[in-house]
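# Coordinates for the following, if possible.
(one chain, ligands or ions: 1)
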Amino acid sequence: MIYMDKHKTIFDILKKNNAGITNAAIKLRRKIHQYPETGHQEFKTTTLLKKELQKLDLKIVDRYASTGLWAEFDTGRKGPVIAVRTDIDALPVTEQTGLPFASKRNGFMHACGHDVHMAVLIGTARLLSRHKDKLLGKIKFICQPAEEIPPGGARPMIEAGVLRRPDVDVILALHVDPTLPTGSIGIRDGVSMASTYDFDIKVFGKVGHAALPHETVDAITASSEIVSGLQQVISRMVDPIKPAVISFGTIRGGTVRNAIAGEVTLQGTARTLDPALTKKIPRLIKRAAVDIGRGLGARVEVTSIANYPPLKSDPRVNRFISESFRAVGYGGKVHQIPLVMGGEDFACYLEKVPGAMFRLGVGNKKIGADKPWHHPAFMVDEDAIGIGINTMAATVINLLQNWRGGTR
Ligand code: NI
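Reported below is the predicted structural model:
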C-alpha cells in the first residue's frame with residue numbers, strides 16, 4: 001500500500017477526489033451511447049477516445065488492428081507494466097430504452113455496456129494522471145474493436161504487438177453486469193466463461209429432381225445427418241464430467257420444393273470450459289462432419305470462424321481487485337460469479353499474460369436496469385461508473401506497487 005503521509009493512503013485520496021472525473025465519465029458515456037458503431041467500424045468512437053487520451057498527454061498508437069488504439073502512460077519510474085483493456089463496439093440492435101441520450105443511429109445500440117467500459121477506462125486514465133507523480137511503472141490503455149463479432153478484435157491487437165514493448169505484466173478489464181446490484185462487483189478464480197469455437201460447414205452434393213434421388217447427392221439429408229451426428233461428438237467423444245455444447249444457429253440450402261439441393265451451409269458454435277478440450281473439439285467436429293458427408297457421397301468443408309480459449313482469471317489478480325475495491329471504501333459485496341457457457345475475446349489476452357476480468361454491478365430494478373445483455377431495453381445504473389473508475393484505478397495502483405508475479 002502506498003502511504004502519502006502517516007495516515008492517508010493513495011486510496012483515501014482516490015475516493016475523495018473524483019466527483020468531477022465521474023461526472024465527466026458519465027457525460028462521455030452518454031455521448032458514446034448516442035453513436036454506437038459495430039465491430040471494425042468504430043471510427044467516430046476511436047476518434048473520440050483518442051481526443052480524450054490526448055488531453056492527458058499520453059503516447060497514442062492508433063489505427064491499430066483496424067479501428068483499435070492504445071495509449072502508453074509512463075510515470076518515468078521503474079515498475080511493472082499494467083494494461084487496462086476496454087472493448088469499443090456496439091450491436092445491431094434497435095434501442096428501446098426511451099432514454100434521452102438513446103442511440104441516434106437507428107438499428108444500432110450499445111446493448112452490452114461497452115460504452116460504460118470506455119467511460120470507465122477514460123475516467124481511470126484521468127484519475128491516474130492526476131496522481132502521476134506518486135506512481136511508478138507504466139500503464140497501457142487498450143481500446144479494442146470488434147469484441148462482438150467473431151473472430152473478434154483481441155487476436156489482431158495481440159498479433160500487432162499490443163502486449164509487447166513495453167511488455168505487459170498484468171492485464172485488467174471489467175464487464176458490466178446487470179445481474180449484480182450497483183455497489184458490488186463479481187469475480188471468479190480460474191475459468192468463468194467458455195471457449196468459443198465458431199465454425200461454418202458447407203455440404204456439397206449434386207442437384208437433381210426430387211423424384212430421382214438416386215441420380216443426385218442430397219445435400220439436405222447429408223446435412224441432417226451431420227447436425228445430429230455432431231451431437232454424438234459431445235455425448236460419445238467428450239468426457240461426460242466436462243461440460244461441452246454444440247449448437248447450430250442457421251441452416252441454409254436448396255431452391256425449390258421439388259429439386260434436390262446441391263449445397264447447404266450450416267453455422268454452428270461449440271463451447272467448452274476445458275482448455276485441452278478447446279483444442280480437441282475443432283478436430284473432432286471436422287472429422288465427424290467430413291466422414292459423415294463422405295459416407296453419403298457429399299463433400300464437406302469445415303471453416304473456422306473464431307476460436308477463443310476459455311476466460312481464465314488469475315486468482316492472484318482477483319485478490320488485488322477485491323482488496324482494492326474494499327480499500328477505496330466500497331463496503332459492497334464481492335460476488336462469486338457463476339460459470340457460463342458464453343464467450344469473451346478478452347480470454348485471448350489472458351492466454352498470454354496473467355490478468356482478470358471483473359464484473360461491475362450495474363443492476364437496479366427501480367430504474368429498469370435489470371434487462372439482460374443485448375436486450376433492446378438494456379440499461380445500466382450510472383452510479384456504478386464512479387465505482388468502476390475508483391476500483392480500476394485502485395487496482396492498477398495496487399498492482400504497480402505490489403505485483404511480484406512476473407509474467408507467465
Ligand atoms: Ni460485452
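
# going forward, measure contacts and count neighbours with C-alpha atoms only.
OK.

# which element is residue 33 on?
Under DSSP states H and E, the secondary-structure element containing residue 33 is helix 19-34.

# Please spell out which residues along the helix or strand just after that helix are buried.
For helix 19-34, the following helix or strand on the C-terminal side (DSSP H and E) is helix 43-54. Of all the residues in helix 43-54, those buried under the rule 16 or more other CA atoms under 10 Å are 43, 45-46, 49-50, 52-53.

# excluding its backbone neighbours, what's nearest residue 66?
Spatial nearest neighbour of residue 66, excluding adjacent residues (CA to CA, 6 or more residues apart in numbering): residue 40 at 6.0 Å.

# From residue 145, how far out is the one you found?
Using CA to CA, to the nearest Å, residue 40 is found at 6 Å from residue 145.

# Would you mind telling me which of those two has more residues around it?
Comparing residue 40 with residue 145 by other CA atoms under 10 Å, the one with more neighbours is residue 145, at 32 against 19.

# Next, the contact list for that one, please.
Neighbouring residues of residue 145 by CA atoms under 8 Å, 6 or more residues apart in numbering: 39-40, 42, 66-68, 87-89, 152-154.

# Now with 6 Å, please.
Counting by CA atoms under 6 Å, 6 or more residues apart in numbering, residue 145 makes contact with 39-40, 67-68, 87-89, 153.

# How is the protein partitioned into domains?
Segmentation of the chain into domains, based on automatic domain parsing, reads 10-194+310-402, 196-308.

# Test my guess that residue 170 contacts residue 357.
No - counting by CA atoms under 6 Å, residue 357 is not a contact partner of residue 170; they are 11.2 Å apart.

# what's the helix or strand for the residue nearest in space to the middle of the chain?
In the chain, the residue lying closest to the centroid (CA atoms, centre = their mean) is residue 344, at 3.9 Å. Using DSSP H and E, residue 344 sits within no helix or strand.

# just residue 127 next, same as before
Element membership of residue 127 [criterion: DSSP H and E] is helix 114-130.

# Residue 320: what's its closest spatial neighbour, skipping adjacent residues?
Sequence neighbours aside, residue 395 is the residue nearest to residue 320 in space, at 6.1 Å (criterion: CA to CA, 6+ apart).

# what's the spacing between that neighbour and residue 129?
Distance, residue 395 to residue 129, by CA to CA: 15 Å.

# More neighbours: these two, which one.
When residue 395 and residue 129 are compared for neighbours, residue 395 comes out ahead with 26 against 18, by other CA under 10 Å.
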